[in-house]
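*Asks:* Generate a structure from the sequence data that follows.
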Amino acid sequence: MTGPERAAPAVDPSVVVVDLSVVVPAYNEEQRLGPTLDAITAYLRDNESRFGDWEIVVADDGSDDGTREVVTSRSLDNPRVQLVTSPRNRGKGHALRLGVAASRGRRVLVTDADLAAPIEELEKLDKELSEGRAAAIGSRAAPGATIESHQHPVRELLGRAGNFLIRQAAVPGIRDTQCGFKLFEGDRAREAFAASRINGWGIDVEVLQHFRRADWDVAEVPVRWSHQSGSKVRPLDYARVLTELARLRARSLRPVDILVPVLFLLMSVALYSGRFFDPNHRYLEDSLQDQNQWEWFFAVTADNVAHLHNPFFSNLQGFPDGVNLMANTVMLGLSVPFAPLTLLAGPAVSLSVCMALGLAATAAAWYWLIVKRVVRQRAAAFVGASLAAFAPPMVSHANAHPNFVILFMIPLIIDRALRLCAGTRVVRDGVVLGLMAAYQIFLGEEPLLLASMGMVLFAASYGVLNRDVVRASWRPLLKGLGIAALVCAPIILIPLYYQFAGPQSYKSVLHGDNAGNSPLALLSFAERSLMAGNEIRANSLSLNPTEQNAFYGWPLVALAFAIVVRLWEHALVKALAFTAITAAILSMGPKIRIPLTDTIYPGPWALLAHKPLFESVIEGRVAMICAPALGMLVALAVERLAATRELGTQYVGLLAVCLALLPLVPAPLKAVDRTAVPAFFTDGTYKSYVRAGESLVPVPLADPGAAEPLHWQTASDLGFKMPGGYFNGPYGADRIGIYGASPRYTSNMLRDVRYTGVIPTIGKNWQAQAKADFAYWHAGALVVAPQPNDDKLRTAVEKLVGKPGTWVDGVWVWDLHEGS
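*Replies:* Residues are numbered from 1 along each chain as shown. Just a heads-up that it's a prediction; the model follows:
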């Protein structure tokens, strides 16, 4: 907790200053206070050569016993013992505030009335202040502390639990905030206690927070401590301390830090407004079939949770082989916590709420990181975080890929890695980082891989520019990463084994060699750009509307170049620029084609393209790393412009920022009315056609191009199983990853009929093949719903089955049971 010294408030010249004030809060301490005052008086009288002039201030908190008389009797014998009183009992915090305000010492010792830490321990604390500390606090938890008499085990357990929560919520790094033996530099103590608001036991934390915010150095000193009977701390007081700290934390928040997450939430809801207010009947058009898929993921996860089924597998689609859920991006880290909402309101509502909240949380996390690590100016951080979370690639993925939108853990992981570099709490930070990494794996492995690439690029460039930083941080960083790995591994070992070696696992999903970004994509505008979007051009430069992974626009690229040139002297700027440029080049893929020519050069991605993990990555997504890097560069520029006194420079600079960012402001995602689910599924009619162990076969089978049957399945509360589907699964002896179930002759033929309207010649061979495929699928019935070429599909099915279908509740049905 070191930092630059601040000038202490001036001392009132009319007040007689002493060297040391000892403040003792007291409430009904008639029995214990007398021996405490005698011990303090004797010790200070015998050590005046070291501690100088002294006084004792007893702050009585409205006692109704003989506490005041005990003090008054000592005061008559020694006028250096003083009494200040409160008319009623208001708590330890109020008493300390009263006592410290009445003190006159250059140093102020605060000690409890039971003197659980002997007054002789003052020498240890005084030594720390003599070395320049602003405060030295006694600790029962610091290495070297001696506990001569323990509290009751329950009280000790509550104390440790309370201290842990306090450390996490209020003053990380301090092991023991509640030990009642603290020495402060006097004027700073009076300032901190005067600024406090807590009247109860939590005042210790509030004061330490004040010192931390002021960058005043605090030392935690191990002391001797012995439990004394008659403690005024009751078990419920631990809960009260935490309540006080929650109020303190709420009061300490700047209004802007509350407003910003609200703004991010409004921005997220505006982006999803076409679906958000009626998710059961609205569909994001540019999600293609992914909304159906993700709603199924949420539904099946909730079903697995409710029935205690295997969370890593389901045979509800892809029947009878099933789906390896761990090998698909089901986001168990959110689909499991959202299971109650999914069961209560349905997967459409749950997914919609999750994506809107998740995008806002991601923006808030980037804002927090930028404020903490990059700029202090809140408006600049807001602009940077908005770009990081709402950049065109993020908006494109917001149509269909929650795992690339809900990234709130990434800024937290980055911050924890930076804490490891500081080397202050390596074990704790390593443990936390391991838990964070494990959780992120259950949110999305590919985003974690891309984030790790970005961190490596930044660390490498920053390390080259700052060799001293590397020398100071590499050991704690490596140690912390090792601890993180040891913590993370046991959590993810079984899930990852299931993912890579479990049923329906696969080796990799191949995307071809054209999944990289064109250089033009980095300079063009995305389809959803409110001001400059061009659907035809954007789609020509991307795989599909959900994979517009660049599209930052030439104005932002030009602005970033100007920022880097202007702020080139800063190592942070150089490292951010290197990270963004390298990520952009990697995103162009293994072969980079020069626009408007036939010239092709090998790209650096070729070095990674066939390596484990990287072989399944769509390389164009690497450009998403640019979003937070560009956001931080813009935040640095906005802060610098806001601080300049040259109005012309400020006006031109902020105008350039606005002109670069305005074309990136997205229009709401396109949403359309959703096709109604046939009553055959919603009213349960299907149940009379499907027996135990059988499947219901939609014609054609659901696949990545037409996955509406997944919606039928979720609308029927997952009441039937079906072959086909939209998921990643294995194909062939090599178990290469493909989208959808392994095709069969009948499924391929029916799919072709649906898309072409052409029925092949169907004779005994096709009928025999269909019979074999129906048997493989354990088909109880075939269903044709209204769709393009449905008349041709009905004709094909009639020829395969040998009988006409029956119109039942909005679908054509063929019952395959004998005698039907």
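
*Asks:* What residues does residue 649 make contact with?
*Replies:* By Cβ atoms under 8 Å, 6 or more residues apart in numbering, the contact list for residue 649 reads residue 641. Just so you know, the C-beta spots here come from the backbone N, C-alpha and C atoms, and that holds for glycine as well.

*Asks:* Which of the helices or strands spans it?
*Replies:* Residue 649 belongs to helix 647-661 when assigned by DSSP states H and E.

*Asks:* what's the answer for residue 361, then?
*Replies:* helix 347-373.

*Asks:* before we move on, back to that, which strands and helices lie in contact with the very next helix or strand once past the helix holding residue 649?
*Replies:* Moving toward the C-terminus from helix 647-661, the first helix or strand encountered (DSSP H and E) is strand 671-673. Judged by 3 or more Cβ pairs under 8 Å, 6 or more residues apart in numbering; DSSP states H and E, strand 671-673 is in contact with strand 282-284.

*Asks:* Pairing partners for the strand it packs on, with directions?
*Replies:* Here strand 282-284 is paired, per DSSP bridges, with strand 671-673 (antiparallel).

*Asks:* Name the residues of the partner strand that come out as buried.
*Replies:* Buried residues in strand 671-673, defined by neighbour count with 16 or more other Cβ atoms under 10 Å: residue 671.

*Asks:* quick one: contacts of the helix or strand following that strand?
*Replies:* Note on strand 671-673: by DSSP H and E, the next helix or strand toward the C-terminus is helix 679-682. By Cβ under 8 Å, 6+ apart, the residues outside helix 679-682 that reach it are 685-686, 712-713, 715-716, 783, 808-811, 813.

*Asks:* Which members of those are positioned in helices?
*Replies:* Using DSSP state H, the members of the contacts of helix 679-682 that fall in helices are 712-713, 715.

*Asks:* Dump the residues you listed to a markdown table, plus neighbour count, distance to residue 423 and pLDDT.
*Replies:* Below are these laid out as a markdown table (neighbours: other Cβ atoms under 10 Å; distance: Cβ to Cβ, whole Å; pLDDT from 0 to 100):
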| residue | neighbour count | distance to residue 423 | pLDDT |
| --- | --- | --- | --- |
| 712 | 24 | 56 | 98 |
| 713 | 28 | 53 | 98 |
| 715 | 20 | 55 | 97 |
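
*Asks:* Those into JSON lines, with extra columns for distance to residue 471?
*Replies:* Listed next are these as JSON lines, based on distance: Cβ to Cβ, whole Å:
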{"residue": "712", "distance to residue 471": "62"}
{"residue": "713", "distance to residue 471": "58"}
{"residue": "715", "distance to residue 471": "61"}
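
*Asks:* closest to residue 401 among those residues?
*Replies:* Checking the ones in helices among the contacts of helix 679-682 against residue 401 with Cβ to Cβ, the nearest one is residue 713 at 21.1 Å.

*Asks:* Tell me who's in contact with that closest one.
*Replies:* Contacts of residue 713 (Cβ under 8 Å, 6+ apart): 296, 299, 316-317, 681, 719-720, 722.

*Asks:* swap in residue 602?
*Replies:* If you count contacts by Cβ under 8 Å, 6+ apart, residue 602 has them with 590-592.

*Asks:* Packing partners of the helix holding residue 361?
*Replies:* helix 255-271, helix 273-276, helix 290-307, helix 339-345, helix 378-390, helix 392-398, helix 409-422, helix 626-643.

*Asks:* tell me which residues of stretch 199-207 are tucked away?
*Replies:* Neighbour counts over stretch 199-207 (16+ other Cβ under 10 Å) mark 199-207 as buried.

*Asks:* And the pLDDT at the closest residue in space to residue 640 that isn't next to it in sequence?
*Replies:* Distances taken as Cβ to Cβ, 6 or more residues apart in numbering place residue 567 nearest to residue 640, at 7.1 Å, with adjacent residues excluded. With respect to pLDDT, residue 567 has a value of 97.

*Asks:* Go ahead and confirm residue 567 touches residue 636.
*Replies:* Yes. Taking Cβ atoms under 8 Å as the definition, residue 567 is a contact partner of residue 636 at 6.3 Å.

*Asks:* How about the contacts made by the closest residue to residue 124 other than its chain neighbours?
*Replies:* Spatial nearest neighbour of residue 124, excluding adjacent residues (Cβ to Cβ, 6+ apart): residue 221 at 5.1 Å. Residues in contact with residue 221 (Cβ under 8 Å, 6+ apart) are 124-125, 128, 136-139, 142.

*Asks:* ok but residue 221 is inside a strand, no?
*Replies:* Yes. Counting by DSSP: H, G, I helix; E, B strand; the rest coil, residue 221 is found in a strand.

*Asks:* From the contacts of residue 602, pick the one nearest residue 112.
*Replies:* Among these, residue 590 lies closest to residue 112 (Cβ to Cβ), at 68.9 Å.

*Asks:* if we can go back for a sec, tell me which of the helices and strands packed on helix 347-373 sits nearest to residue 111.
*Replies:* Nearest to residue 111, of all these, is helix 409-422, at 32.5 Å by Cβ to Cβ.

*Asks:* so residue 85 touches residue 60, yeah?
*Replies:* Yes. Under the criterion of Cβ under 8 Å, residue 85 makes contact with residue 60 at 4.6 Å.

*Asks:* The two: which is more packed in?
*Replies:* Each of residue 85 and residue 60 has its neighbours counted (other Cβ atoms under 10 Å); residue 60 has more, 24 against 16.

*Asks:* name the helices or strands packed onto the helix or strand where residue 97 lies?
*Replies:* Mapping residue 97 onto the secondary structure by DSSP H and E places it in helix 92-102. If you count contacts as 3+ Cβ pairs under 8 Å, 6+ apart, helix 92-102 packs onto strand 18-26, strand 54-60, strand 81-85, strand 105-111, helix 186-195, helix 203-213.

*Asks:* would you turn those into CSV with mean pLDDT?
*Replies:* Listed next are these as CSV, based on pLDDT from 0 to 100:
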stretch, mean pLDDT
strand 18-26, 94
strand 54-60, 94
strand 81-85, 92
strand 105-111, 95
helix 186-195, 94
helix 203-213, 88
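
*Asks:* just to revisit the earlier point, of the contacts of residue 602, buried ones?
*Replies:* Taking 16+ other Cβ under 10 Å as the criterion, what is buried in the contacts of residue 602 is 590, 592.

*Asks:* wait, which of the contacts of residue 602 is closest to residue 171?
*Replies:* residue 590 (50.3 Å).
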